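J.: next input, structure requested:
(one chain, ligands or ions: 1)
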Amino acid sequence: MKALLPLMVFVLAACDQMREDPAKRTYDTSSFFDDGKVARNPPAGTLTRDSTDELTSRDAAGQLLSTLPMPIDRALLDRGHERYQIFCAVCHGDDGYGDGIVPQRGFPSPPSFHTDRLRGAPVGYFHEVITQGYGVMFSYASRVPSRDRWAIAAYIRALQLSQHTPLSSLDEETRNALPDG
Ligand code: HEC
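T.: Residues are numbered from 1 along each chain as shown. So this is what the prediction gives:
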């Protein structure tokens with residue numbers, strides 16, 4: 001037993017040293033930085049991963065929204081047009097027929113937006129597809145903020161109308177202004 005005593009003292013001393021580990025906890029103080037804090041502030045403009053601006057595609061009952069969660073005006077549609085040209089037209093084509101440059105080079109062809117199924121889909125569906133991706137199409141959630149996703153969804157609705165507006169739904173003045181044929 002006597003022989004073991006120095007060894008035990010040594011082991012206990014080693015434990016003591018470990019307790020003085022220089023690692024700091026988030027809210028400790030530190031003389032290393034001028035402000036005396038361990039925690040650093042995130043750089044200006046940092047967004048949280050659980051996206052503070054997220055506007056969901058569905059209502060509280062889980063139904064896809066059939067109207068935009070914001071007022072629709074010319075500025076929103078212009079923004080949607082611009083973002084669509086940047087992020088979607090390469091595959092879906094300028095007019096939404098699914099004939100963009102990427103599928104022309106071999107990527108699977110996206111469906112046309114001008115089908116009864118997609119004309120009938122609630123506008124929230126487009127926000128949801130952009131957010132989550134769909135089949136071989138990847139999610140754009142990290143590249144297109146939620147408000148812009150809605151702007152794109154509104155623009156797709158406008159594209160659909162541009163290709164499928166019954167003459168009878170136009171007023172006479174607009175109808176007369178159309179070119180013949
Ligand atoms: C790299 C090419 C590519 C890009 C860019 C792209 N898509 Fe797609 N998208 C596809 C393909 C391919 C499909 C069909 C996927 C499948 O069926 O597996 C598709 C499907 C869809 C669908 C149809 C879902 C359905 O029910 O049939 C919608 C809506 C859609 N995309 C919207 C968008 C929007 C909006 C953007 C821009 C933010 C976008 N896509 C960008 C390739 C793309």
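J.: show residues contacting the lengthiest helix in the chain.
T.: With DSSP state H applied, the helix covering the greatest number of residues in the chain is identified as helix 146-163. Helix 146-163 has contacts (C-beta atoms under 8 Å, 6 or more residues apart in numbering) with 51, 53-55, 68-70, 72, 76-77, 79-81, 83-84, 87-88, 95-96, 113-114, 118-119, 123-124, 126-127, 130-131, 140, 144. For glycine as for every other residue, the C-beta is placed from the backbone atoms N, C-alpha and C.
J.: those residues in helices, which ones?
T.: Of those, the ones assigned to helices by DSSP H are 76-77, 79-81, 83-84, 87, 118-119, 123-124, 126-127, 130-131.
J.: from these, which is closest to Val38?
T.: Each of the ones in helices among the contacts of helix 146-163 was scored against Val38 by C-beta to C-beta, and Thr131 proved nearest at 36.1 Å.
J.: how about that closest one: what's its closest non-neighbour residue?
T.: Using C-beta to C-beta, 6 or more residues apart in numbering and skipping residues adjacent in sequence, the residue nearest Thr131 is Ala141, 4.9 Å away.
J.: count the neighbours of that neighbour for me.
T.: 15 (other C-beta atoms under 10 Å).
J.: same check on Phe113?
T.: As a measure of burial, Phe113 has 23 neighbours, counting by other C-beta under 10 Å.
J.: got the confidence number for it?
T.: pLDDT, Phe113: 98.
J.: for the ligand, see how far away the closest residue to it other than its chain neighbours is.
T.: Nearest non-adjacent residue to Phe113, counting by C-beta to C-beta, 6+ apart: Gly96, 3.8 Å away. Taking C-beta to the nearest ligand atom, to the nearest Å as the criterion, Gly96 is separated from the ligand by 9 Å.
J.: and for Asp78?
T.: For Asp78, the distance to the ligand under the criterion C-beta to the nearest ligand atom works out to 16 Å.
J.: what does this protein have sitting close to the ligand?
T.: When proximity is defined as C-beta under 6 Å from any ligand atom, the chain approaches the ligand at 87-88, 90-92, 102, 107-108, 110-111, 126, 129-130, 134-137, 140, 144, 152.
J.: out of the residues you listed, which are buried?
T.: Neighbour-count burial (16 or more other C-beta atoms under 10 Å) is assigned, among the residues of the chain next to the ligand, to 87-88, 90-92, 110, 126, 129-130, 137, 140, 144, 152.
J.: got CSV for those, with pLDDT too?
T.: Putting these into CSV (pLDDT from 0 to 100) gives the following:
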residue, pLDDT
Phe87, 98
Cys88, 98
Val90, 98
Cys91, 98
His92, 98
Pro110, 97
Phe126, 98
Val129, 97
Ile130, 97
Met137, 96
Tyr140, 95
Val144, 94
Ile152, 98
